[in-house]
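Asks: Compute the structure for the input listed below.
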Amino acid sequence: MPETSSPARPALALGVDIGGSGIKAAPVDLLAGEFRAERVRLATPQPATPAAVAPVVAQVLAGFTDVPADAPVGITFPAVVQHGITRTAANVDPSWIGTDAEALFSDALGREVQVVNDADAAGYAEAAFGAAKGVKGVVVVTTLGTGIGSAIIVDGKLVPNTELGHLEIGGHDAEKKAADSARERHDLSWQQWAKRLQRYYSHLEDLLWPDLIVVGGGVSKKHEKFLPLLDLRTPIVPAGLLNDAGIIGAASLAAARRRG
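Replies: Residues are numbered from 1 along each chain as shown. Model (predicted):
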């Protein structure tokens, strides 16, 4: 019988990161884990309903004319995303709950897309190209921002939609006390905030016994101000890809699904 060849691995994919204030996109080199062209950003419409966001995603991708029309497209969204459907809306417009986001964006773009939780995308990127590359066992990636996003990667495989920012600690939703927004809202010093992070990460350690914890989000650029204040048995390091992680992870996950 003649030999059959498997589909060629895509070398390029598009990643989109939908946030509360901006919608960002870039083509991603899937071998190097880096942008192939300069990132494009447009403001997130307000209110950020599905009908308002979809055309902005199409607009932000329209400029990448050099990317093949059949390139995989991955889109992050700050919600639990189960089989393409957004199930929560902790920090976004409630109209997203129950929305078939993959169908919405596929219709807007005229092409197949994959929609994933934003922290899952960032975590996957860190495991593939960033601070957790090559780490065996259990890696927990957290993003400290408006809330606390989380991703668990086990031997390079993503466990989706973990939502560890919503653990109850001391009678409170963890992210309400330990997110970077809580630090800013309560005007906490780095030392004061580190005490809250200590309690949160110690709790994660006791539940999951990870081999590595990676801390992302915009505040990770200032990691030297708070990570050295933590006393954990697990190594804890800043993210390597910073704000690029969501786009890179979304593109990579879309390409992985294409490969099957």
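Asks: Mark out where each domain of this protein begins and ends.
Replies: Domain assignment for the chain, taken from automatic domain parsing, gives 12-120+244-259, 131-240.
Asks: In contact with Arg233: list those residues for me.
Replies: Contact partners of Arg233, counting by C-beta atoms under 8 Å, 6 or more residues apart in numbering, are Glu205. No exception for glycine: its C-beta is placed from N, CA and C like everyone else's.
Asks: what are the ranges of the helices in this structure?
Replies: For the chain, the helices defined by DSSP state H occupy 50-62, 101-109, 118-129, 174-178, 180-185, 190-208, 245-259.
Asks: Take the domains of the chain and lay them out in TSV including mean pLDDT.
Replies: Shown next, in TSV, are the domains of the chain (pLDDT from 0 to 100):
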stretch	mean pLDDT
domain 12-120+244-259	96
domain 131-240	97
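Asks: quick one on the thing from earlier: mean neighbour count, the helices of the chain: which tops it?
Replies: Most buried of the helices of the chain by mean neighbour count (mean count of other C-beta atoms under 10 Å) is helix 118-129; its value is a mean of 29.
Asks: okay, the helices of the chain in JSON lines with distance to Lys157 next?
Replies: As requested, these are exported to JSON lines (distance: least, C-beta to C-beta, whole Å):
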{"stretch": "helix 50-62", "distance to Lys157": "28"}
{"stretch": "helix 101-109", "distance to Lys157": "21"}
{"stretch": "helix 118-129", "distance to Lys157": "9"}
{"stretch": "helix 174-178", "distance to Lys157": "25"}
{"stretch": "helix 180-185", "distance to Lys157": "28"}
{"stretch": "helix 190-208", "distance to Lys157": "15"}
{"stretch": "helix 245-259", "distance to Lys157": "10"}
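Asks: Dig out what the nearest residue to Glu38 once chain neighbours are set aside forms beta bridges with.
Replies: With C-beta to C-beta, 6 or more residues apart in numbering as the criterion, Glu38 has its nearest non-adjacent residue at 7.2 Å, and that residue is Ala26. Judged by DSSP bridges, the bridge partners of Ala26 are Gly15.
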